[in-house]
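1. Provided below are the primary sequence and the corresponding predicted coordinates.
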Amino acid sequence: MNFSASDLLAIKNAVNADQTALADWTAGNRGNLCAYLNAVPATPQMVTRKDVSNAELFACLVPSEVATLAQWQQTILQLTSAAAPIDFTNASIAAGLVSIFPPTTQTYKNLMAVAQRAATRLEAIFLSNGVSSHYGDQIDVPTLIAAMGA
């Protein structure tokens, strides 16, 4: 995990704006604060993944729904799945998959369950249009101390 100087400042600003986080920082509970930032809040924002593997994609497919696809839909599915990992933040890929599997299908629901998840507080600091520049990152005590000194 690489946090730039501006990332560290964003973490500091987020901690200072969150009463629970600031209370942990003020009390010297650095480990608790890291755990808090690395956790998903009760009312989370959703974050979209850029790294869905082919295996995860294929596990989402409902055979009976795939069997009913037209040839052009099968071609789009093959082309989309050929690029591993699959970047669900790419608008073209998302639109292509929706053109194949409408939101009412189980395959679509399975894909969204894999492609999106609740963002941690840390990921949410860097969330823009459903994508976090620090997707999957965790903060540790040395990084937190560096951020709070920023």
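-> Sure thing, it's come through. Residues are numbered from 1 along each chain as shown.

2. which SS state does the residue nearest to Glu56 when sequence neighbours are not counted fall under?
-> In this structure, Glu56 finds its nearest non-sequential neighbour in Val114, 5.2 Å apart by Cβ to Cβ, 6 or more residues apart in numbering. Glycine gets a C-beta too; all of them are placed from N, C-alpha and C. Following DSSP: H, G, I helix; E, B strand; the rest coil, the label given to Val114 is helix.

3. and Val114, what does it touch?
-> With contact taken as Cβ atoms under 8 Å, 6 or more residues apart in numbering, Val114 is in contact with 49, 52, 56-57, 59-60.

4. Repeat that for Phe3.
-> Residues near Phe3 by Cβ under 8 Å, 6+ apart: 11, 134, 137, 143, 146-147.

5. Among the residues you listed, name the ones in helices.
-> Judged by DSSP state H, these include 11, 143, 146-147 as members of helices.

6. Widest-spaced pair of the contacts of Val114?
-> Arg49 and Ala59 (14.2 Å; Cβ to Cβ).

7. Check the gap between the residue lying closest to Pro85 once chain neighbours are set aside and Ala119 for me.
-> If the residues on either side of it in the chain are set aside, Pro85 comes closest to Asp51, at 4.1 Å by Cβ to Cβ, 6+ apart. Counting by Cβ to Cβ, to the nearest Å, the separation of Asp51 from Ala119 is 15 Å.

8. neighbour count winner among the two?
-> Ala119 (23 against 14; other Cβ atoms under 10 Å).

9. from what I can see that one touches Gln45, true?
-> Yes. Using Cβ atoms under 8 Å, Ala119 is in contact with Gln45, at 4.9 Å.

10. Now the worst-scoring helix or strand of the chain on mean pLDDT: buried residues?
-> When each helix and strand of the chain is scored by mean pLDDT, DSSP states H and E, helix 91-100 comes last, with a mean of 85. Counting neighbours by 16 or more other Cβ atoms under 10 Å, one finds that the buried residues in helix 91-100 are 93-94, 96-97, 100.

11. Please apply the same query to stretch 142-150.
-> For stretch 142-150, by 16+ other Cβ under 10 Å, it's 143-144, 146-147.

12. likewise stretch 8-24?
-> For stretch 8-24, by 16+ other Cβ under 10 Å, it's 8, 10-12, 14-15, 18, 21, 24.
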